[in-house]
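Novice: everything below, folded, please.
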Amino acid sequence: MSRTWVGAVAGSALLVVGVLVRSYLAHAWPWLVYNLALAWVPVVLGAVVARWPDRGWWLAPAWFAFLPNAPYLLTDLVHLSPRSPVPFWFDAALLGGAGALGLWLGAASLAQVAEVLEERVGRAAAWCLRLSAPVACGFGMYLGRFLRWNSWDLVVRPDDVLRDALAPLLAPSAHADAWAFTATFGASFLCAVLVVRLPARPAVR
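Specialist: Below you'll find the predicted structure:
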């Protein structure tokens, strides 16, 4: 495991410790650990696709469906407010750190898959993915934060998810909040995508 991923694991462990400390001080936030676990799902799926592209590409749709779960951690800042006896700065560090980690995990996973796509298809296709995925993730984050849909609902309730997803597409002027949210968080994720660069991947044998 490279130092890059060791740092991501260490950051995740530190976040869990922070949640445990908060649980000792006041009300527990188990949902933050749950959201962190979901943020790692696209990382694992993307690693499989990148490591064994010939056999792993069938996981690509699942990877894309779960990818918004990583930057979704940024939206947990909605829970930031003064709550005694926990210091406000502690919650700010906890939620801010979670958001930064989520952006990094999502960008790193996208970088893995885009690198393989560039090798197999070409640079244009890879940049298409790098630029379009943040927009799609921003929309997925909207569906999760406001409409409370999860990635697995695409399998268990696809008709309902499709209905809610099509509404802003078919009537954009009536869903300005959805597009404002998508643009804002999509741009935040895009910034992370443009910044994050992973160490060179070993050649697949």
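Novice: other SSEs contacting the longest helix along the chain?
Specialist: What stands out as the longest helix in the chain, according to DSSP state H, is helix 88-120. If contacts are counted by 3 or more Cβ pairs under 8 Å, 6 or more residues apart in numbering; DSSP states H and E, helix 88-120 sits against helix 3-25, helix 30-51, helix 60-66, helix 123-145, helix 176-195. C-beta: built from backbone N, CA, C; applies to glycine.
Novice: try it again at 6 Å.
Specialist: For helix 88-120, the elements it packs on are helix 3-25, helix 30-51, helix 123-145, helix 176-195, judged by 3 or more Cβ pairs under 6 Å, 6 or more residues apart in numbering; DSSP states H and E.
Novice: and of those, who's closest to Asp164?
Specialist: helix 123-145 (6.6 Å; Cβ to Cβ).
Novice: so what touches the closest one?
Specialist: For helix 123-145, the surrounding residues in contact (Cβ atoms under 6 Å, 6 or more residues apart in numbering) are 67-68, 71-72, 75, 110, 114, 117-118, 149, 178, 181-182, 185-186, 189-190, 193.
Novice: closest to the centroid, which residue in this protein?
Specialist: Using Cα atoms, centre = their mean, the residue of the chain that lies closest to the mean C-alpha position is Ala70, 1.8 Å off.
Novice: and the closest residue to Leu45 other than its chain neighbours, how many residues sit next to it?
Specialist: In space, and not counting its chain neighbours, Leu45 is closest to Trp63: 4.0 Å by Cβ to Cβ, 6 or more residues apart in numbering. By other Cβ atoms under 10 Å, the residues close to Trp63 number 24.
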